[in-house]
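Enquirer: For reference, the sequence and a predicted model appear below.
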Amino acid sequence: MYKQIKWLILIIPTLTIWVWEYVRHEYLLSYISMDAGNWLSPLIVFLITLLFITRLFVILERIQEELHQSRLLQAALQERENLARELHDGIAQSLFLLSVKLDHQNLGDVQDEQLQSIKKTVQEVNNYVRQSISTLKHPPETISILGKDSIHRIIHDIDWDPSMKIEYKWPIAEIDLSAKEQKGLSEFIREGLHNIRKHAIEANHIRINLEALEAGWKCFISDNGQGFIGNPFLKEGSYGLKFLKQRSLELGWDMDLRRDSGRTTLVVWHTK
């Protein structure tokens, strides 16, 4: 279509002159003087150009912009793939080797307790890096609306225990969310669910709710696990929660983690 538009831009003025001159000499010569015809020729070409070619230019510019965006997206995907490969070949493999070496250590009881703590931290970091690699290998969301299909896909990308039941209420059409907010919420839900899978002991039921506020919105992720003790944001290995807290601050959102009615609820909200 790009080539067709370029040819039309070249052909239309020539074709207009040819048709005008033919009609003028065959049918209008006795009605229009030579001078008047000469004045009308550029005017007709101008009007036809204004009517058709300007529209073709708009289409052409749109196609060029789409091609430009496609190239940018392709470059971004390539960078994500390169980063995922570097993480896998570098950090992930180093963490795996470190974990293997720690497994072969044989130390005393006190040191063994410290060793177990180190091994657990290494394993958490390793899992987090591998999760990041998996995320980078998937293309970023290209849909304009974070709808129920997107939530369903995020849920099923995670390896859940068969007993886990997940419910969600997602009235996205009723809430005005920007593309940036939708992307941030996608990250929030994905990381929140990963955090439940890794840390929520005996949890078998999850709820995801998006609610409209008078001026803004609020999103909840809750589970019926045993809950947490102390401040989970200060706990070693809570990289997911720390990431969500930092991301929320960057987006200008408020975030909280609380225990209520036998459920642990991670909530983020934004008032406009």
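Expert: Received, thanks. Note that the structure is a prediction, hence the values are computed from the model and not measured. Numbering: from 1, shown residues only.
Enquirer: How many neighbouring residues does Ile9 have?
Expert: Using other Cβ atoms under 10 Å, Ile9 has 15 other residues around it. All C-beta atoms are positioned from the backbone trio N, CA, C, and that covers glycine.
Enquirer: In contact with it, which residues?
Expert: 53, 56-57, 60 (Cβ atoms under 8 Å, 6 or more residues apart in numbering).
Enquirer: Any of those residues buried? List them.
Expert: Neighbour counting with 16 or more other Cβ atoms under 10 Å marks 53, 56, 60 as buried within those.
Enquirer: Just the ones of those residues in helices?
Expert: If you go by DSSP state H, the buried ones among the contacts of Ile9 have 56, 60 in helices.
Enquirer: nearest to Phe233, of the buried ones among the contacts of Ile9?
Expert: Phe233 lies nearest to Leu60 out of these, by Cβ to Cβ, at 52.7 Å.
Enquirer: tally of neighbours for Pro13?
Expert: For Pro13, using other Cβ under 10 Å, the count is 15.
Enquirer: what does the one 4 residues further on give?
Expert: Residues lying near Ile17 (other Cβ under 10 Å) number 15.
Enquirer: can you confirm it is in a helix?
Expert: Yes - under DSSP: H, G, I helix; E, B strand; the rest coil, Ile17 sits within a helix.
Enquirer: And Arg80, how close does it get to Ile201?
Expert: The gap separating Arg80 from Ile201 is 33 Å, by Cβ to Cβ, to the nearest Å.
Enquirer: typo on my end, Arg207
Expert: For Arg207 relative to Ile201 (Cβ to Cβ), the value is 18 Å.
Enquirer: again with Glu21
Expert: Distance from Glu21 to Ile201, by Cβ to Cβ: 87 Å.
Enquirer: out of those two, which sits in the more crowded spot?
Expert: Higher neighbour count among Glu21 and Ile201: Glu21, with 12 against 9, using other Cβ under 10 Å.
Enquirer: Burial check on Ile196, number of neighbours?
Expert: When neighbours are counted by other Cβ under 10 Å, Ile196 registers 22.
Enquirer: wait, isn't it in contact with Ala203?
Expert: Yes - Ile196 lies in contact with Ala203 (Cβ atoms under 8 Å); the separation is 6.0 Å.
Enquirer: Pull up the overlap in contacts between those two.
Expert: Between them, Ile196 and Ala203 share the contacting residues 223, 225, judged by Cβ under 8 Å, 6+ apart.
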